[in-house]
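Asker: 3D model of this:
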Amino acid sequence: MGCDVSRVAGFRFATGSLRACIGSLTPVLPVIIDVPPPHSNPARRVCIVQKRDTEKMYAMKYMNKQQCIERDEVRNVFRELEILQEIEHVFLVNLWYSFQDEEDMFMVVDLLLGGDLRYHLQQNVQFSEDTVRLYICEMALALDYLRSQHIIHRDVKPDNILLDEQGHAHLTDFNIATIIKDGERATALAGTKPYMAPEIFHSFVNGGTGYSFEVDWWSVGVMAYELLRGWRPYDIHSSNAVDSLVQLFSTVSVQYVPTWSKEMVALLRKLLTVNPEHRFSSLQDMQSAPSLAHVLWDDLSEKKVEPGFVPNKGRLHCDPTFELEEMILESRPLHKKKKRLAKNKSRDSSRDSSQSENDYLQDCLDAIQQDFVIFNREKLKRSQELMNEPLPCPETSEMTDSTADSETEPTVLPMCGSICPSSGSS
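Answerer: Sure thing, here's the model as predicted:
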């Protein structure tokens, strides 16, 4: 049986009236903050939630199970959860909790109210070289960490870089990320075409050894160029044939603006090098670059470097038109979930299961219910802190050891008993 979403993990959800939201669209209201345009994935929604005991605010992504099955996205969701449960970094959007009910899968992550870089580009923000350089360096730290975890993001772009209220950049959306072991190479055609590195297309068309971590650094270069100039270095769109893109990179050169500093052009050239063997693709490359010699990397990693662009705290950094359309058109709103689940349960109990035409769908839903893994980073951190505490005095160690197993939160959290009696896969 599914958990009541209004009580899971002690979160409080938005159920205020539409009129109240229209009257005061501010970042602190529980509204959709990462609102997708109409052509985006309808299976995913994002809203703001607050944890009752700490009153801390988070962003919560909820994904409809049936729609994920119909769109063949369950594998991607599970892979994203698997990755996010294992990583944490100052310049990533970190996962804090994951749980499920009968309808949806939920991911509770850091709340960043500064908007994504795509939004600010659309608002015609003029990014300075210093600001873009900071974004490049912050993404370099994030990508260096991901490499240490054997992760290729594969979708670095302005849409997936969120700003916090101070203006620091955070990488999000690991929906198509992949994990590769030492010596392995990725081969799938994955990403957003205008930001994909040349070797991805080349590998797909001509075969070969595949690609590796260098592809994310190319994407950072494309993103940085776009922030500075307002458009990308190559005229590539999703409709372009892959074969034509392989030829494009061998015939078209990137044009740099004469007014840009020599240091910025040199940095972009290194990031936008077609040959991945000669491309900047590590933190060491960045730290040794003359154009970044003045960067205080330790201060930067602790967010002590002040960003040149700070989002306006008095504005909601998404398109309120899309936000209101989502609220009006949402056919399965969260605040009506409890009543809807009860109604569905009553209907299902009266139906002859042998006559059901949805056996395959039900099998898939059952598999999700079985395999989904509950995650609680707060408890995990508490458990790690307890494990790192000093050992007790010798005269009390025997008694303490006998109770340790019952008092310490497990490192790997089992499934919630009210959702599924057996534990999910890790």
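
Asker: Map the structural domains onto the sequence of this structure.
Answerer: 8-113+316-383, 117-301 (automatic domain parsing).

Asker: Of all these, which one comes closest to Phe309?
Answerer: domain 117-301 (4.7 Å; CB to CB). The way it works is simple: take the backbone N, C-alpha and C, and place the C-beta from them, glycine included.

Asker: just to revisit the earlier point, rank the domains of the chain by pLDDT, which is bottom?
Answerer: Looking at the domains of the chain, the lowest mean pLDDT belongs to domain 8-113+316-383 (a mean of 72).

Asker: what's the closest residue to Pro198 other than its chain neighbours in contact with, if anything?
Answerer: Leaving aside its sequence neighbours, Pro198 sits nearest to Phe249 (CB to CB, 6 or more residues apart in numbering; 4.1 Å). Phe249 makes contact with Pro198, Phe201, Tyr234, Val274, according to CB atoms under 8 Å, 6 or more residues apart in numbering.

Asker: Ok, Lys181 next?
Answerer: His150.

Asker: shouldn't Asp216 be in contact with Tyr145?
Answerer: No: Asp216 lies out of contact with Tyr145 (CB atoms under 8 Å); the separation is 11.6 Å.

Asker: In terms of neighbours, single out the busier of those two.
Answerer: Neighbour count, other CB atoms under 10 Å: between Asp216 and Tyr145, Asp216 has more, with 26 against 19.

Asker: Show me what the host helix or strand of the more buried one is packed against.
Answerer: Element membership for Asp216 (DSSP states H and E) is helix 214-229. Applying 3 or more CB pairs under 8 Å, 6 or more residues apart in numbering; DSSP states H and E, we find helix 214-229 packed against helix 117-122, helix 129-148, helix 198-206, helix 262-271.

Asker: tell me which residues of stretch 257-271 are tucked away?
Answerer: Trp260, Glu263, Met264, Leu267, Leu268, Lys270, Leu271 (16 or more other CB atoms under 10 Å).

Asker: Val156: which of those is nearest?
Answerer: Distances from Val156 to the buried residues of stretch 257-271, taken by CB to CB, are shortest for Leu271, at 11.1 Å.

Asker: Tell me who's in contact with the closest residue to that closest one other than its chain neighbours.
Answerer: The shortest distance from Leu271 to any non-neighbouring residue, by CB to CB, 6+ apart, is to Gly221 (2.9 Å). If you count contacts by CB under 8 Å, 6+ apart, Gly221 has them with Pro233, Leu268, Leu271, Leu272.

Asker: at 7 Å what do you get?
Answerer: Shown in contact with Gly221 (CB atoms under 7 Å, 6 or more residues apart in numbering): Leu268, Leu271, Leu272.

Asker: before we move on, back to that, and the residue nearest to Pro198, its phi and psi?
Answerer: Per-residue torsions, Phe249: phi -70, psi -20 (degrees, to the nearest 10).

Asker: Quick check: it vs Asp173, distance?
Answerer: Applying CB to CB, to the nearest Å, the value for Phe249 to Asp173 is 25 Å.

Asker: ok, now Glu80?
Answerer: With CB to CB as the criterion, Glu80 and Asp173 are 8 Å apart.

Asker: One more: Phe375?
Answerer: Separation of Phe375 from Asp173 (CB to CB): 18 Å.

Asker: the more surrounded of the two?
Answerer: Just comparing Phe375 and Asp173: by other CB under 10 Å the higher neighbour count belongs to Phe375, 23 against 20.

Asker: In this structure that one contacts Gln100, no?
Answerer: No: the pair Phe375 / Gln100 is not scored as a contact, 10.9 Å apart, by CB atoms under 7 Å.

Asker: re earlier: reformat the contacts of Gly221 as CSV; add distance to Asn64.
Answerer: Listed next are these as CSV, based on distance: CB to CB, whole Å:
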residue, distance to Asn64
Leu268, 41
Leu271, 38
Leu272, 39
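
Asker: Out of these, flag the one nearest to Leu365.
Answerer: Leu271 (43.9 Å).

Asker: And the helices and strands packed on helix 214-229: which comes nearest Ser244?
Answerer: helix 198-206 (9.3 Å).

Asker: Phe201 touches Asp243, doesn't it?
Answerer: No: judged on CB under 7 Å, Phe201 makes no contact with Asp243 at a distance of 8.4 Å.

Asker: ok, those two, which is more surrounded?
Answerer: Phe201 (25 against 12).
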